[in-house]
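1. Sequence below, structure please.
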Amino acid sequence: MRRVKHGRVEYHPLMRIVVAGGTGFLGTHLVTGLRDHAHQVTVLTRTPRRPDEVRWSPGGSDGTWARALDGADAVINLAGAPIAAGRWTAARKAAIRESRVRATRALAAALASAQRPPAVFISSSAIGIYGPHGEEAVTEDAPLGNDFLASVGKEWEAEALAVARTTRVVLLRTGLALDRHGGALPRIARPFSVFAGGPLGSGRQYMSWIHLDDWTAMARWALTDDRVSGALNATAPNPVTNREFARTLGRVLGRPSIVPAPAFALRLALGEMADAVLTGQRVLPAKAESLGFEFRHPRLEPALRAIFGRG
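-> Numbering: from 1, shown residues only. This next block holds a predicted model:
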């Protein structure tokens with residue numbers, strides 16, 4: 001397929017694409033973008049509401065959804081329970097792990113048994129797979145971590161790689177995707193609206209972010225560029241510390257960023273999940289940049305101004 005770059009006219013064949021988890025934050029935006037480019041998209045969902053949505057039960061015996069994958073040009077897997085929906089109790093951690101591993105395993109099994117398997121399988125992952133790295137620059141070649149999120153990520157990716165002999169597999173390791181109407185940014189911005197915004201913990205931990213439009217463009221680019229395979233960091237090329245993120249967000253919103261959230265308070269409120277907030281990774285999109293992907297929003301302040309209409 002012809003290679004494409006974000007922000008330029010795209011010339012490539014229209015594709016038949018199946019998206020699992022296409023009704024969530026990232027999936028909804030991606031499906032809309034794919035349809036806007038005239039691709040034929042089928043969404044696998046537990047609650048279908050449209051003719052182009054198919055009921056799926058990755059842990060059940062109903063294989064109707066699996067037939068949608070046979071003959072598709074591409075399959076995208078974004079399924080998984082939200083990471084930040086509540087404290088990480090034992091049951092919550094099991095749901096986070098099982099929802100990702102089970103869904104990916106089911107998709108991989110369907111791809112392996114398809115008479116006409118798709119050319120590419122993009123399977124969601126996350127930069128949490130690297131574990132804490134402090135200020136070290138982290139690329140796709142960095143060693144993987146051993147904490148909870150890293151262990152989930154390794155199992156998650158292993159299931160996707162099971163079909164790598166027959167299908168090009170892309171492991172889309174997503175950072176903090178920024179959008180005004182979904183994901184983590186509205187919750188991050190809320191304290192600033194009441195003049196209570198500020199850094200979390202020491203503020204020295206890195207935040208590896210990406211504008212939602214760039215994330216969507218990168219996913220579409222990975223579909224069409226045959227050079228892209230294996231791990232792919234979906235982050236902007238300029239990660240910032242938490243303190244810098246807070247200052248920049250406050251400046252964009254016209255609010256101070258001087259009220260810190262102490263680490264002990266976050267641990268009391270969030271439990272183990274606080275570790276994901278208080279430690280970070282300085283993740284760089286080395287593979288995307290080396291292959292010529294062009295970011296529309298490479299720097300944080302212009303990205304936030306575009307998101308909040310404060311240009």
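2. CA atoms for contacts and neighbours, from now on please.
-> Fine.
3. separation between F121 and P143?
-> Here the criterion is C-alpha to C-alpha, to the nearest Å. By it, F121 lies 23 Å from P143.
4. who's in contact with L161?
-> V169 (C-alpha atoms under 8 Å, 6 or more residues apart in numbering).
5. Need the pLDDT of it.
-> L161 carries a pLDDT value of 98.
6. ok, now V138?
-> For V138, the pLDDT comes out at 97.
7. What count of nearby residues applies to it?
-> Counted with other C-alpha atoms under 10 Å, the burial measure for V138 works out to 20 neighbours.
8. what's the residue nearest to it when sequence neighbours are not counted sitting at in phi/psi?
-> Distances taken as C-alpha to C-alpha, 6 or more residues apart in numbering put V283 closest to V138, at 4.6 Å, once the chain neighbours are dropped. For V283, the backbone dihedrals (degrees, to the nearest 10) come out as phi -90, psi 130.
9. what's the distance between V283 and T174?
-> 10 Å.
10. Counting neighbours, go ahead and name the busier of F121 and P143.
-> Using other C-alpha under 10 Å as the criterion, F121 and P143 rank with F121 on top: 29 against 12.
11. What is the three-state secondary structure of that one?
-> Remark: F121 carries the secondary structure label strand [criterion: DSSP: H, G, I helix; E, B strand; the rest coil].
12. Just to check, it is in contact with A74?
-> Yes - when contacts are counted by C-alpha atoms under 8 Å, F121 is listed as touching A74 (5.9 Å).
13. list the contacts for P132?
-> Applying C-alpha under 8 Å, 6+ apart, one finds that P132 lies in contact with 145, 279-281.
14. do that again at 10 Å, thanks
-> Shown here is P132, whose contacts under the criterion C-alpha atoms under 10 Å, 6 or more residues apart in numbering are 144-147, 150, 205-206, 275-276, 278-282.
15. cool, and A160?
-> When contacts are counted by C-alpha under 10 Å, 6+ apart, A160 is found next to 77, 101, 103-109, 121-125, 169-171, 230.
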